[in-house]
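>>> test case, fold it:
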Amino acid sequence: MEELFKDKYRTAYKRMFEIDRLIRSEKCPSAAKIAERLGVSKRTIQRDLRYMESALGAPIAYSDEERGYFYLYPGFSLSDFSYTDTDVAVLSLAWRIMEALFGGTFYSSALGKTLSSILRHAGNMPQMLFHTVRENIQIALPNWGSFSEVEAFIQAMNKQLCVHCIKDDSFEAFFRPIRLIYAWDNWYLLYIMEDYADNSDFYIDKLEHFSKIRTAGRAESLRIKDIVGMLSEYPAPMTGGKNTRVEYTKEYGDVLYVDIRGIGDEFHLAYRRLADGELKFIRNERTMLGGHLIETLLSDDKDTKIDI
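Numbering: from 1, shown residues only. Below you'll find the predicted structure:
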(Lines give C-alpha, C1' and ligand atoms only; values in the text may rest on other atoms or scores of the structure.)
Protein backbone atom coordinates (compact mmCIF):
# COMPACT_ATOMS: atom_id res chain seq x y z
CA MET A 1 0.00 0.00 0.00
CA GLU A 2 2.80 2.41 0.91
CA GLU A 3 4.56 1.78 -2.42
CA LEU A 4 1.33 2.44 -4.30
CA PHE A 5 0.95 5.68 -2.36
CA LYS A 6 4.49 6.73 -3.27
CA ASP A 7 4.03 5.78 -6.93
CA LYS A 8 0.86 7.86 -7.08
CA TYR A 9 2.64 11.01 -5.95
CA ARG A 10 5.72 10.27 -8.02
CA THR A 11 3.51 10.10 -11.13
CA ALA A 12 1.74 13.36 -10.21
CA TYR A 13 5.08 15.05 -9.56
CA LYS A 14 6.42 14.07 -12.99
CA ARG A 15 3.15 15.09 -14.68
CA MET A 16 3.37 18.60 -13.21
CA PHE A 17 6.82 19.02 -14.71
CA GLU A 18 5.34 18.07 -18.09
CA ILE A 19 2.59 20.64 -17.59
CA ASP A 20 5.27 23.20 -16.77
CA ARG A 21 7.15 22.31 -19.95
CA LEU A 22 4.01 22.65 -22.12
CA ILE A 23 3.09 26.04 -20.61
CA ARG A 24 6.58 27.33 -21.32
CA SER A 25 6.94 25.86 -24.82
CA GLU A 26 3.43 26.37 -26.25
CA LYS A 27 1.22 29.43 -26.48
CA CYS A 28 -1.46 29.27 -23.79
CA PRO A 29 -2.31 25.55 -23.91
CA SER A 30 -5.77 24.72 -22.56
CA ALA A 31 -6.45 22.15 -19.83
CA ALA A 32 -8.14 19.95 -22.44
CA LYS A 33 -5.10 20.12 -24.75
CA ILE A 34 -2.68 19.35 -21.91
CA ALA A 35 -4.88 16.46 -20.78
CA GLU A 36 -4.89 15.02 -24.30
CA ARG A 37 -1.11 15.29 -24.58
CA LEU A 38 -0.54 13.59 -21.23
CA GLY A 39 -3.27 11.00 -21.48
CA VAL A 40 -5.22 12.00 -18.37
CA SER A 41 -8.53 13.68 -17.68
CA LYS A 42 -9.14 17.42 -17.91
CA ARG A 43 -10.16 17.41 -14.25
CA THR A 44 -6.78 15.92 -13.29
CA ILE A 45 -4.94 18.69 -15.13
CA GLN A 46 -7.09 21.36 -13.50
CA ARG A 47 -6.29 19.87 -10.09
CA ASP A 48 -2.58 19.80 -10.94
CA LEU A 49 -2.68 23.43 -12.06
CA ARG A 50 -4.28 24.49 -8.78
CA TYR A 51 -1.63 22.59 -6.83
CA MET A 52 1.20 24.10 -8.89
CA GLU A 53 -0.12 27.58 -8.15
CA SER A 54 -0.97 27.19 -4.47
CA ALA A 55 1.72 24.77 -3.24
CA LEU A 56 4.60 25.28 -5.66
CA GLY A 57 4.23 29.01 -6.20
CA ALA A 58 3.89 28.79 -9.98
CA PRO A 59 2.60 32.17 -11.35
CA ILE A 60 -0.10 30.54 -13.47
CA ALA A 61 -2.75 32.75 -15.13
CA TYR A 62 -5.62 32.04 -17.52
CA SER A 63 -6.04 33.98 -20.76
CA ASP A 64 -9.69 34.49 -21.72
CA GLU A 65 -8.60 35.58 -25.18
CA GLU A 66 -6.40 32.54 -25.87
CA ARG A 67 -8.47 30.22 -23.66
CA GLY A 68 -5.40 28.70 -22.13
CA TYR A 69 -2.79 29.00 -19.40
CA PHE A 70 0.43 30.99 -19.26
CA TYR A 71 3.01 32.20 -16.73
CA LEU A 72 2.78 35.80 -15.53
CA TYR A 73 6.59 35.72 -15.37
CA PRO A 74 7.92 34.33 -18.67
CA GLY A 75 11.22 33.23 -17.14
CA PHE A 76 9.60 31.02 -14.51
CA SER A 77 10.35 27.30 -14.60
CA LEU A 78 9.24 24.63 -12.18
CA SER A 79 12.61 22.93 -12.70
CA ASP A 80 14.14 25.74 -10.62
CA PHE A 81 12.53 24.04 -7.64
CA SER A 82 13.54 20.51 -8.55
CA TYR A 83 15.34 18.51 -5.86
CA THR A 84 16.43 14.90 -6.10
CA ASP A 85 15.80 12.35 -3.38
CA THR A 86 19.50 12.60 -2.50
CA ASP A 87 19.26 16.40 -2.14
CA VAL A 88 16.32 16.10 0.23
CA ALA A 89 17.91 13.25 2.23
CA VAL A 90 21.13 15.26 2.73
CA LEU A 91 19.23 18.40 3.75
CA SER A 92 17.02 16.41 6.11
CA LEU A 93 20.01 14.78 7.77
CA ALA A 94 21.73 18.18 8.06
CA TRP A 95 18.68 19.55 9.84
CA ARG A 96 18.57 16.57 12.20
CA ILE A 97 22.26 17.10 13.08
CA MET A 98 21.69 20.85 13.48
CA GLU A 99 18.78 20.18 15.82
CA ALA A 100 20.97 17.89 17.92
CA LEU A 101 23.84 20.39 18.15
CA PHE A 102 22.02 23.74 18.07
CA GLY A 103 18.45 22.91 19.08
CA GLY A 104 16.48 26.02 20.00
CA THR A 105 19.03 28.44 18.54
CA PHE A 106 18.94 30.80 15.58
CA TYR A 107 20.95 28.36 13.46
CA SER A 108 18.54 25.47 13.94
CA SER A 109 15.45 27.58 13.30
CA ALA A 110 17.04 29.30 10.28
CA LEU A 111 17.93 25.98 8.65
CA GLY A 112 14.47 24.68 9.47
CA LYS A 113 12.81 27.64 7.76
CA THR A 114 15.07 27.27 4.72
CA LEU A 115 14.37 23.57 4.39
CA SER A 116 10.62 24.09 4.87
CA SER A 117 10.66 26.69 2.12
CA ILE A 118 12.48 24.29 -0.20
CA LEU A 119 10.08 21.46 0.55
CA ARG A 120 7.07 23.63 -0.19
CA HIS A 121 8.30 23.80 -3.77
CA ALA A 122 9.60 20.26 -4.02
CA GLY A 123 6.39 18.23 -4.31
CA ASN A 124 4.99 15.40 -2.23
CA MET A 125 7.67 12.76 -2.78
CA PRO A 126 10.58 14.83 -1.37
CA GLN A 127 8.36 15.87 1.56
CA MET A 128 7.61 12.23 2.30
CA LEU A 129 11.33 11.40 2.15
CA PHE A 130 12.11 14.28 4.50
CA HIS A 131 9.67 13.02 7.11
CA THR A 132 11.03 9.48 6.73
CA VAL A 133 14.61 10.64 7.38
CA ARG A 134 13.50 12.92 10.20
CA GLU A 135 11.61 10.18 12.03
CA ASN A 136 13.94 7.23 11.42
CA ILE A 137 17.33 8.87 12.08
CA GLN A 138 17.83 10.00 15.67
CA ILE A 139 20.92 11.72 17.09
CA ALA A 140 21.32 11.81 20.87
CA LEU A 141 23.83 14.30 22.27
CA PRO A 142 24.28 15.76 25.75
CA ASN A 143 22.07 18.73 26.61
CA TRP A 144 24.42 21.68 26.35
CA GLY A 145 21.92 24.32 27.38
CA SER A 146 22.44 27.78 25.91
CA PHE A 147 24.51 28.20 22.77
CA SER A 148 24.84 31.96 23.05
CA GLU A 149 28.60 31.51 23.47
CA VAL A 150 28.84 29.55 20.23
CA GLU A 151 26.86 32.19 18.36
CA ALA A 152 28.96 35.03 19.79
CA PHE A 153 32.21 33.44 18.64
CA ILE A 154 30.79 32.56 15.22
CA GLN A 155 29.69 36.16 14.68
CA ALA A 156 33.11 37.45 15.73
CA MET A 157 34.94 35.09 13.35
CA ASN A 158 32.56 35.93 10.53
CA LYS A 159 33.29 39.65 10.95
CA GLN A 160 37.01 39.14 11.70
CA LEU A 161 36.59 40.75 15.10
CA CYS A 162 37.85 39.95 18.59
CA VAL A 163 35.72 39.18 21.61
CA HIS A 164 35.96 40.48 25.14
CA CYS A 165 35.08 37.96 27.84
CA ILE A 166 35.92 36.54 31.22
CA LYS A 167 37.88 33.29 31.42
CA ASP A 168 37.59 30.89 34.35
CA ASP A 169 35.82 33.59 36.39
CA SER A 170 39.26 34.97 37.17
CA PHE A 171 40.37 37.46 34.53
CA GLU A 172 38.92 39.36 31.60
CA ALA A 173 40.70 39.97 28.33
CA PHE A 174 40.37 40.31 24.57
CA PHE A 175 40.58 37.12 22.51
CA ARG A 176 40.71 36.59 18.76
CA PRO A 177 38.79 33.36 18.03
CA ILE A 178 40.41 31.24 15.34
CA ARG A 179 38.24 28.14 15.23
CA LEU A 180 35.35 26.49 17.06
CA ILE A 181 35.75 22.72 17.30
CA TYR A 182 33.26 20.10 18.46
CA ALA A 183 35.01 16.90 19.56
CA TRP A 184 34.50 14.20 22.19
CA ASP A 185 31.17 15.72 23.26
CA ASN A 186 32.78 19.08 24.01
CA TRP A 187 33.03 22.47 22.36
CA TYR A 188 36.57 23.89 22.17
CA LEU A 189 37.78 27.34 21.16
CA LEU A 190 41.15 27.80 19.47
CA TYR A 191 42.26 31.41 19.92
CA ILE A 192 45.10 33.89 20.33
CA MET A 193 45.50 36.77 22.77
CA GLU A 194 47.26 40.10 22.96
CA ASP A 195 50.54 38.38 23.77
CA TYR A 196 50.60 36.74 20.33
CA ALA A 197 54.12 37.01 18.95
CA ASP A 198 54.68 33.92 16.84
CA ASN A 199 53.09 30.57 16.15
CA SER A 200 53.73 29.34 19.68
CA ASP A 201 50.98 31.49 21.12
CA PHE A 202 47.88 29.48 20.23
CA TYR A 203 45.49 28.54 23.04
CA ILE A 204 42.67 26.01 23.13
CA ASP A 205 40.08 25.62 25.89
CA LYS A 206 36.63 24.23 26.48
CA LEU A 207 33.93 26.75 25.77
CA GLU A 208 32.64 26.39 29.32
CA HIS A 209 35.66 28.40 30.53
CA PHE A 210 34.32 31.60 28.91
CA SER A 211 31.54 33.87 30.12
CA LYS A 212 30.11 37.37 29.63
CA ILE A 213 31.14 37.36 25.98
CA ARG A 214 30.70 40.40 23.77
CA THR A 215 31.91 41.11 20.27
CA ALA A 216 34.59 43.78 20.20
CA GLY A 217 34.47 46.76 17.88
CA ARG A 218 36.81 47.36 14.95
CA ALA A 219 39.11 49.63 16.92
CA GLU A 220 39.27 47.23 19.87
CA SER A 221 39.99 44.31 17.55
CA LEU A 222 43.18 46.00 16.36
CA ARG A 223 44.67 45.06 19.73
CA ILE A 224 45.27 41.51 18.44
CA LYS A 225 46.88 40.64 15.13
CA ASP A 226 44.63 38.98 12.55
CA ILE A 227 46.68 35.95 11.51
CA VAL A 228 43.97 34.22 9.49
CA GLY A 229 42.24 36.90 7.43
CA MET A 230 39.44 36.08 5.08
CA LEU A 231 39.69 32.38 4.24
CA SER A 232 37.81 33.01 1.00
CA GLU A 233 40.90 34.82 -0.31
CA TYR A 234 42.68 31.49 -0.56
CA PRO A 235 42.15 28.34 -2.65
CA ALA A 236 40.58 25.12 -1.40
CA PRO A 237 41.60 23.89 2.08
CA MET A 238 45.11 22.51 2.14
CA THR A 239 44.01 19.11 3.42
CA GLY A 240 41.07 18.55 1.11
CA GLY A 241 38.59 19.78 3.69
CA LYS A 242 39.89 17.56 6.51
CA ASN A 243 41.67 20.38 8.31
CA THR A 244 40.34 19.42 11.75
CA ARG A 245 40.33 15.77 12.75
CA VAL A 246 40.68 13.42 15.69
CA GLU A 247 42.73 10.24 15.74
CA TYR A 248 43.68 7.63 18.31
CA THR A 249 47.44 7.09 18.67
CA LYS A 250 49.40 4.55 20.71
CA GLU A 251 51.67 7.27 22.08
CA TYR A 252 49.04 9.77 23.22
CA GLY A 253 45.64 8.17 23.00
CA ASP A 254 43.13 10.63 21.53
CA VAL A 255 44.75 13.45 19.55
CA LEU A 256 43.15 16.50 17.94
CA TYR A 257 44.86 17.80 14.78
CA VAL A 258 44.10 21.29 13.54
CA ASP A 259 45.47 22.76 10.31
CA ILE A 260 45.10 26.50 9.79
CA ARG A 261 45.78 28.48 6.65
CA GLY A 262 46.84 31.93 7.76
CA ILE A 263 48.07 35.03 6.01
CA GLY A 264 51.31 33.81 4.47
CA ASP A 265 51.80 30.76 6.71
CA GLU A 266 50.15 27.46 7.52
CA PHE A 267 49.98 26.06 11.04
CA HIS A 268 49.67 22.35 11.85
CA LEU A 269 48.69 21.89 15.50
CA ALA A 270 48.38 18.74 17.60
CA TYR A 271 46.78 18.38 21.04
CA ARG A 272 46.24 15.32 23.22
CA ARG A 273 43.08 14.84 25.23
CA LEU A 274 43.45 14.53 28.99
CA ALA A 275 41.22 12.51 31.30
CA ASP A 276 39.09 15.55 32.20
CA GLY A 277 38.51 16.41 28.54
CA GLU A 278 40.94 19.33 28.49
CA LEU A 279 43.47 19.48 25.66
CA LYS A 280 47.27 19.66 26.06
CA PHE A 281 49.62 21.03 23.41
CA ILE A 282 51.91 18.54 21.64
CA ARG A 283 53.23 20.15 18.50
CA ASN A 284 52.92 23.15 16.19
CA GLU A 285 54.53 22.88 12.78
CA ARG A 286 54.70 26.10 10.83
CA THR A 287 55.15 26.10 7.07
CA MET A 288 55.01 28.65 4.30
CA LEU A 289 52.05 28.45 1.94
CA GLY A 290 53.07 25.69 -0.41
CA GLY A 291 54.59 23.45 2.25
CA HIS A 292 58.14 24.73 2.92
CA LEU A 293 58.91 24.01 6.60
CA ILE A 294 59.77 27.07 8.69
CA GLU A 295 59.91 25.65 12.20
CA THR A 296 58.47 23.03 14.51
CA LEU A 297 57.63 23.84 18.11
CA LEU A 298 57.21 20.99 20.58
CA SER A 299 55.79 20.78 24.06
CA ASP A 300 58.31 21.36 26.85
CA ASP A 301 56.26 19.09 29.11
CA LYS A 302 58.49 16.20 30.19
CA ASP A 303 55.45 13.91 30.25
CA THR A 304 54.68 14.69 26.63
CA LYS A 305 56.47 12.67 23.95
CA ILE A 306 57.59 14.52 20.86
CA ASP A 307 58.11 11.77 18.29
CA ILE A 308 54.82 12.11 16.41
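
>>> how far away is residue 278 from residue 181?
Going from residue 278 to residue 181 by CB to CB, to the nearest Å gives 13 Å. All C-beta atoms are positioned from the backbone trio N, CA, C, and that covers glycine.

>>> and these two? Which one has more around it.
More crowded of residue 278 and residue 181, by other CB atoms under 10 Å: residue 181, with 19 against 15.

>>> for the one helix or strand that one maps to, which positions count as buried?
According to DSSP states H and E, residue 181 maps onto strand 171-183. By 16 or more other CB atoms under 10 Å, the buried positions in strand 171-183 come out as 174, 175, 176, 177, 178, 179, 180, 181, 183.

>>> would you format the residues you listed as JSON lines with pLDDT and distance to residue 74 included?
What follows is the buried residues of strand 171-183, written out as JSON lines (pLDDT from 0 to 100; distance: CB to CB, whole Å):
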{"residue": "174", "pLDDT": "91", "distance to residue 74": "55"}
{"residue": "175", "pLDDT": "90", "distance to residue 74": "53"}
{"residue": "176", "pLDDT": "90", "distance to residue 74": "51"}
{"residue": "177", "pLDDT": "90", "distance to residue 74": "48"}
{"residue": "178", "pLDDT": "88", "distance to residue 74": "49"}
{"residue": "179", "pLDDT": "89", "distance to residue 74": "47"}
{"residue": "180", "pLDDT": "87", "distance to residue 74": "46"}
{"residue": "181", "pLDDT": "89", "distance to residue 74": "49"}
{"residue": "183", "pLDDT": "87", "distance to residue 74": "52"}
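
>>> if we can go back for a sec, show me what the strand holding residue 181 is packed up against.
Packing partners of strand 171-183 (3 or more CB pairs under 8 Å, 6 or more residues apart in numbering; DSSP states H and E): helix 148-158, strand 163-167, strand 186-192, helix 218-221, strand 244-249, strand 253-261.

>>> now the third one: average pLDDT?
Per-region confidence: strand 186-192 scores 89 on mean pLDDT.

>>> for it, give me every contacting residue.
Residues from elsewhere that reach strand 186-192 (CB atoms under 8 Å, 6 or more residues apart in numbering): 144, 149-150, 153, 175-182, 201-208, 210, 224-225, 227, 256, 258, 260, 269, 277, 279.

>>> hmm, which of those are the buried ones?
Buried subset of the contacts of strand 186-192 (neighbour count, 16+ other CB under 10 Å): 144, 149-150, 153, 175-181, 202-205, 207, 210, 224, 227, 256, 258, 260, 269, 279.

>>> can you classify residue 160 as helix, strand or coil?
coil (DSSP: H, G, I helix; E, B strand; the rest coil).

>>> next, give phi and psi for the nearest residue to it once chain neighbours are set aside.
Once flanking residues are discounted, residue 160 sits nearest to residue 226: 6.0 Å by CB to CB, 6 or more residues apart in numbering. In terms of degrees, to the nearest 10, the main-chain angles of residue 226 are phi -90, psi 100.

>>> which residues of this structure fall in helices?
For the chain, the helices defined by DSSP state H occupy 2-25, 31-38, 42-54, 85-102, 106-120, 124-136, 148-158, 218-221.

>>> take those and lay them out in a markdown table including distance to residue 243.
Below are these laid out as a markdown table (distance: least, CB to CB, whole Å):
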| stretch | distance to residue 243 |
| --- | --- |
| helix 2-25 | 40 |
| helix 31-38 | 51 |
| helix 42-54 | 44 |
| helix 85-102 | 19 |
| helix 106-120 | 21 |
| helix 124-136 | 28 |
| helix 148-158 | 15 |
| helix 218-221 | 24 |
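
>>> low-confidence stretches in the stretch 51-200 of the chain?
80-85, 103-107, 117-131, 134, 141-148, 197-200 (pLDDT under 70).

>>> nearest spatial neighbour of residue 195, skipping sequence neighbours?
Nearest to residue 195 is residue 201, by CB to CB, 6+ apart, at 6.1 Å.

>>> and the closest residue to residue 155 other than its chain neighbours, what does it touch?
Closest residue in space to residue 155, ignoring its immediate chain neighbours: residue 215 at 5.8 Å, by CB to CB, 6+ apart. Applying CB under 8 Å, 6+ apart to residue 215 gives the contacts 152, 155, 156, 159, 161, 162, 163.
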